[in-house]
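Student: whatever this is, show me its structure:
(4 chains)
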There are 2 protein chains.
Amino acid sequence: MDTTVAKGMAVLEALARAKRPLRLAALTEQLGLQKSNVHRLLNTFMELGYVQQDPETSRYFASLKTWELGAGIISTNSLRRSVAPHLQAMQEKTRETVMLTVPVDDEVLFLDGAAQVRALRYVPLNGTRAPMVFTAAGRAILSRRPDPRDAVARSIAACPPEAGFVLSQVLEDLEKARRDGYASLVGGFTPWARVVAVALPGPGGAPAAAIAISGPEERMTGDHLAEVLDVLLATADEIGEVSPT
Amino acid sequence: MDTTVAKGMAVLEALARAKRPLRLAALTEQLGLQKSNVHRLLNTFMELGYVQQDPETSRYFASLKTWELGAGIISTNSLRRSVAPHLQAMQEKTRETVMLTVPVDDEVLFLDGAAQVRALRYVPLNGTRAPMVFTAAGRAILSRRPDPRDAVARSIAACPPEAGFVLSQVLEDLEKARRDGYASLVGGFTPWARVVAVALPGPGGAPAAAIAISGPEERMTGDHLAEVLDVLLATADEIGEVSPT
DNA sequence: TAGGGCGTTTCACGATGTGGAACAGCCTGC
DNA sequence: GCAGGCTGTTCCACATCGTGAAACGCCCTA
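Tutor: Residues are numbered from 1 along each chain as shown, chains lettered A, B, ... in the order given. Below you'll find the model as predicted:
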């Protein structure tokens, strides 16, 4: 284990997570490292081009080169590439916000999305994570797993307590989702929306991803909701089996 | 300078650039490092979750966690966020492929794009770079710089020789672009297309980015081209001044 | 069965990263 | 206006940690 590399990646992660440039002191405290150590790591990353320093405030921030790293990966990601056209078509048919997610150790990771251009509250979630039971997509995936109890319990613990999730209730919801063939959730990760989601099976049949459609709660009812569900399920059928990675 | 970190980032970069999982031997050769050194770095990255190993072929590849790093940065990138709606609108009006690029040391970096869903030859370029004079966007930017000669010369040297660019000719092209207010290029980075581009001024007035529209050469003529140019220039006007980073 | 290529492991060496401490610049608030 | 506490930055003796040559064991090919 190269500890220097681990420390370096911790620094990069902290900078990437932060919305604004960070002070050296903030970084050292957050990471529990030595001031001079963080300073030297930052200088190394600056030489390599991954980090820049605001000359006025002397605060540090991750540069676009850090973004390039990941962009190369996602552009060759076969799951995203194969699903993207279907996402776009779903968006056009329903005029709602659509998303593609994959499960990553008890969480869902938002891979891609599409939304109405003039959507009021669209925040691109690509690259963010959420506890599985906190999202419809995660629930769709869990509902397809043989024995989700442990994962559900861990996932509930990772949700904010205000969500008020209870194990027995969530397990019931998952049972319903399994029967219905889709999961539906209001007031989770996107509080203002009702989100419906379906899992996409992987090579072995186990759920490897999920597609979801979200809209304002008041709009996602009656005929419109029925139509949205039709499009969602039909698209999942069209996509069929996906390969992860 | 933390050499261990530098070596580590070189490994990550190589994996991210590669379209497919790489063998250990290929990495060591490509990077000119010791076999055991690369191996230990890879193991470190695997423990951190940035790299995974195909259990069958024992080849290594960068995981989605590497993508998450950069995704956090681009989601807060103010340039991209402010221009994205304009890009989308341009795409809908022209039905062609549109792009947003920024200059990064003698190259242009593709930040964002939008294309027709059923576009035949759409390759998402986000995160890739190209020599400035090899793209219309780069030429639009260069044409707004006070004395681009040196940058142009360096940039020509970075282009594939088959392109056949000559300094005097390119400088003339730039002069024309400066007069017209937009750059136009056929047979550059996207060989099948004609691309037209405008620079977006930054805080000081110096060009800080460029927007571009590209389409098949045979379609980008006459009335349609005139319309595309109208949309392009009007959008640049709407966007006005942008702030880099 | 012998050979070569591969990923992996080992280990003694010493280069390299470490972190405490001291420095210098800036602002804040007595 | 001066003292004090923040910064970010630099320095350096120490020993930790990464280094790389070599050896290992595996799988495939000849």
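
Student: quick check: buried residues in the helix or strand where residue A:100 lies?
Tutor: Take DSSP states H and E as the rule and residue A:100 turns out to sit in strand A:97-104. For strand A:97-104, the neighbour count (16 or more other Cβ atoms under 10 Å in any protein chain shown) marks A:97-103 as buried. Every residue, glycine included, has its C-beta placed from N, CA and C.

Student: partners of it in the sheet?
Tutor: Based on DSSP bridges, the pairing partners of strand A:97-104 within the sheet are strand A:107-114 (antiparallel), strand A:207-216 (antiparallel).

Student: determine the set of other helices and strands touching the next helix or strand after the last one.
Tutor: Toward the C-terminal end, the helix or strand that comes next after strand A:207-216 (DSSP H and E) is helix A:222-239. With contacts defined as 3 or more Cβ pairs under 8 Å, 6 or more residues apart in numbering or on different chains; DSSP states H and E, the secondary structure elements packing on helix A:222-239 are helix A:78-94, strand A:193-201, strand A:207-216.

Student: and helix A:222-239, C-alpha only, in PDB?
Tutor: Taking Å, rounded to 0.1, in the frame of the first residue of the first chain, the C-alpha atoms of helix A:222-239 are listed here in PDB:
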ATOM      1  CA  GLY A 222     -53.600   9.500 -13.100                       C
ATOM      2  CA  ASP A 223     -53.200   9.100 -16.900                       C
ATOM      3  CA  HIS A 224     -49.800  10.800 -17.100                       C
ATOM      4  CA  LEU A 225     -48.300   8.500 -14.500                       C
ATOM      5  CA  ALA A 226     -49.800   5.500 -16.300                       C
ATOM      6  CA  GLU A 227     -48.300   6.700 -19.600                       C
ATOM      7  CA  VAL A 228     -44.900   7.300 -17.900                       C
ATOM      8  CA  LEU A 229     -45.000   3.800 -16.500                       C
ATOM      9  CA  ASP A 230     -45.800   2.400 -19.900                       C
ATOM     10  CA  VAL A 231     -42.800   4.200 -21.500                       C
ATOM     11  CA  LEU A 232     -40.500   3.100 -18.600                       C
ATOM     12  CA  LEU A 233     -41.400  -0.600 -18.800                       C
ATOM     13  CA  ALA A 234     -41.400  -0.600 -22.600                       C
ATOM     14  CA  THR A 235     -38.000   1.000 -22.600                       C
ATOM     15  CA  ALA A 236     -36.600  -1.500 -20.100                       C
ATOM     16  CA  ASP A 237     -37.900  -4.300 -22.400                       C
ATOM     17  CA  GLU A 238     -36.300  -2.800 -25.400                       C
ATOM     18  CA  ILE A 239     -32.900  -2.400 -23.600                       C
END
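
Student: how much does that helix deviate in direction from helix A:78-94?
Tutor: If you take axes from the mean of the first three to the mean of the last three Cα atoms, to 10 degrees, helix A:222-239 sits at 150 degrees to helix A:78-94.

Student: and stretch A:45-60, what's buried?
Tutor: Quick answer for stretch A:45-60 (16+ other Cβ under 10 Å): A:45, A:48, A:50-52, A:59-60.

Student: where does the residue of chain A found nearest DNA strand C land in three-state SS?
Tutor: Residue of chain A nearest DNA strand C, by Cβ to the nearest atom of the strand: residue A:36 (3.4 Å). With DSSP: H, G, I helix; E, B strand; the rest coil as the basis, the three-state label of residue A:36 is helix.

Student: now the buried residues of stretch A:45-60 in JSON lines, please, with extra columns for distance to residue A:91.
Tutor: Below are the buried residues of stretch A:45-60 laid out as JSON lines (distance: Cβ to Cβ, whole Å):
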{"residue": "A:45", "distance to residue A:91": "37"}
{"residue": "A:48", "distance to residue A:91": "38"}
{"residue": "A:50", "distance to residue A:91": "34"}
{"residue": "A:51", "distance to residue A:91": "36"}
{"residue": "A:52", "distance to residue A:91": "35"}
{"residue": "A:59", "distance to residue A:91": "38"}
{"residue": "A:60", "distance to residue A:91": "37"}
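
Student: filter these down to just the ones in helices.
Tutor: A:45, A:48 (DSSP state H).

Student: adding pLDDT and distance to DNA strand C, write the buried residues of stretch A:45-60 out as a markdown table.
Tutor: Formatted as a markdown table, the buried residues of stretch A:45-60 follow (pLDDT from 0 to 100; distance: Cβ to the nearest atom of the strand, whole Å):
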| residue | pLDDT | distance to DNA strand C |
| --- | --- | --- |
| A:45 | 96 | 12 |
| A:48 | 95 | 12 |
| A:50 | 96 | 16 |
| A:51 | 94 | 15 |
| A:52 | 93 | 20 |
| A:59 | 93 | 14 |
| A:60 | 94 | 16 |
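
Student: of the buried residues of stretch A:45-60, closest to DNA strand D?
Tutor: When the buried residues of stretch A:45-60 are compared for distance to DNA strand D (Cβ to the nearest atom of the strand), residue A:59 wins out at 6.4 Å.

Student: OK, contacts around residue A:83?
Tutor: If a contact means Cβ atoms under 8 Å, 6 or more residues apart in numbering or on different chains, then residue A:83 has A:100, A:112, A:200, A:209, A:211, A:239, A:242 as its contacts.

Student: among the strands paired with strand A:97-104, which is nearest residue B:66?
Tutor: Evaluated with Cβ to Cβ, those place strand A:107-114 nearest to residue B:66, the distance being 12.1 Å.

Student: what about the helix or strand following the closest one, distance to the chain center?
Tutor: Once the chain leaves strand A:107-114, the next helix or strand it forms, by DSSP H and E, is strand A:129-131. Centroid separation for strand A:129-131 versus its chain: 6 Å, with Cα atoms, centre = their mean, to the nearest Å.

Student: for stretch A:203-212, same thing?
Tutor: The mean C-alpha position of stretch A:203-212 is separated from the chain mean by 15 Å, Cα atoms, centre = their mean.

Student: follow-up on the earlier one: and of the contacts of residue A:83, the nearest to residue A:74?
Tutor: For those, the nearest to residue A:74 is residue A:112 (8.3 Å; Cβ to Cβ).

Student: name the nearest residue to that closest one, ignoring sequence neighbours.
Tutor: Of all residues not flanking residue A:112 in the chain, residue A:100 sits nearest, at 4.4 Å (Cβ to Cβ, 6 or more residues apart in numbering or on different chains).
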